[in-house]
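Trainee: mind folding the following:
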Amino acid sequence: MKNVIVLAMHGAPPRDFPRAELGEFMSLHSRMEHSAVSHSPALESRYEELEKQVREWPRTPANDPFHASSQEIAEALEKASGQKVMVGFNEFCAPTLDQAFQQAAESGAERVVVVTPMMTRGGEHSEKDILQAVEKARRKHPKVRFVYAWPYETVEVAEFLAEHVKRFAKD
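Mentor: The predicted model follows:
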């Protein structure tokens with residue numbers, strides 16, 4: 001069975017995106033994401049325009065170290081797993097999760113394993129947003145098995161952190 005891993009990352013706005021537009025986008029983002037009220041078509045259109053600009057802004061390690069780190073993790077995960085890894089972003093960066101899932105399905109994947117470094121329960125992105133995107137992909141691609149490899153076992157997270165701490169706690 002051909003597997004593809006999609007690394008579901010959060011995303012961050014690029015540091016060199018124009019400040020005025022970023023402020024407008026973040027204000028609209030908050031209004032759109034946290035309001036049950038419908039918005040005018042003009043407001044929704046402006047939000048979509050700004051979101052596209054933010055997501056498609058050219059990324060470099062200097063203007064978006066989070067994006068660069070996401071790519072580094074994907075490369076290391078691909079090497080460690082022996083599986084093809086694609087990155088999808090929940091917010092602020094391209095490709096979106098939907099786009100990454102589409103690309104994985106089009107690559108001939110029979111199973112797409114979705115994993116995120118968001119390890120703790122209680123986060124809206126890991127508990128809701130990514131799960132909703134996975135469920136949408138399942139409906140859109142019924143012949144592909146989408147598996148969301150989350151949540152993490154608390155003990156496993158603690159063991160991972162304990163091993164990491166050992167590197168910094170040596171005398």
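Trainee: could you use CA atoms for every contact and neighbour count after this?
Mentor: Noted.
Trainee: strands of this protein, residue ranges please.
Mentor: 3-9, 84-89, 111-115, 145-148 (DSSP state E).
Trainee: what would the ones you listed look like in JSON lines with mean pLDDT?
Mentor: Formatted as JSON lines, the strands of the chain follow (pLDDT from 0 to 100):
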{"stretch": "strand 3-9", "mean pLDDT": "98"}
{"stretch": "strand 84-89", "mean pLDDT": "98"}
{"stretch": "strand 111-115", "mean pLDDT": "98"}
{"stretch": "strand 145-148", "mean pLDDT": "98"}
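Trainee: dump the ones you listed into JSON lines; add mean neighbour count and distance to residue 168 as well.
Mentor: Below are the strands of the chain laid out as JSON lines (neighbours: other Cα atoms under 10 Å; distance: least, Cα to Cα, whole Å):
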{"stretch": "strand 3-9", "mean neighbour count": "24", "distance to residue 168": "26"}
{"stretch": "strand 84-89", "mean neighbour count": "23", "distance to residue 168": "29"}
{"stretch": "strand 111-115", "mean neighbour count": "21", "distance to residue 168": "27"}
{"stretch": "strand 145-148", "mean neighbour count": "19", "distance to residue 168": "32"}
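Trainee: domain ranges for this structure, per the record?
Mentor: As assigned by automatic domain parsing, the chain contains the domains 3-12+62-168, 19-56.
Trainee: comparing the ones you listed, which yields the minimum mean pLDDT?
Mentor: Note on these: domain 19-56 shows the lowest mean pLDDT, a mean of 91.
Trainee: and that one, how far apart are its ends?
Mentor: 16 Å (Cα to Cα, to the nearest Å).
Trainee: tell me how far that domain lies from the chain's centre.
Mentor: Here the centre of domain 19-56 is set off from its chain's centre by 19 Å, with Cα atoms, centre = their mean, to the nearest Å.
Trainee: got the buried residues for that domain?
Mentor: Within domain 19-56, the residues that qualify as buried are 22, 25, 26, 28, 29, 32, 47, 50, 51, 53, 54, 55, counting by 16 or more other Cα atoms under 10 Å.
Trainee: what distance do you get for the second one to residue 136?
Mentor: Summarising the geometry, the distance separating residue 25 from residue 136, computed by Cα to Cα, is 25 Å.
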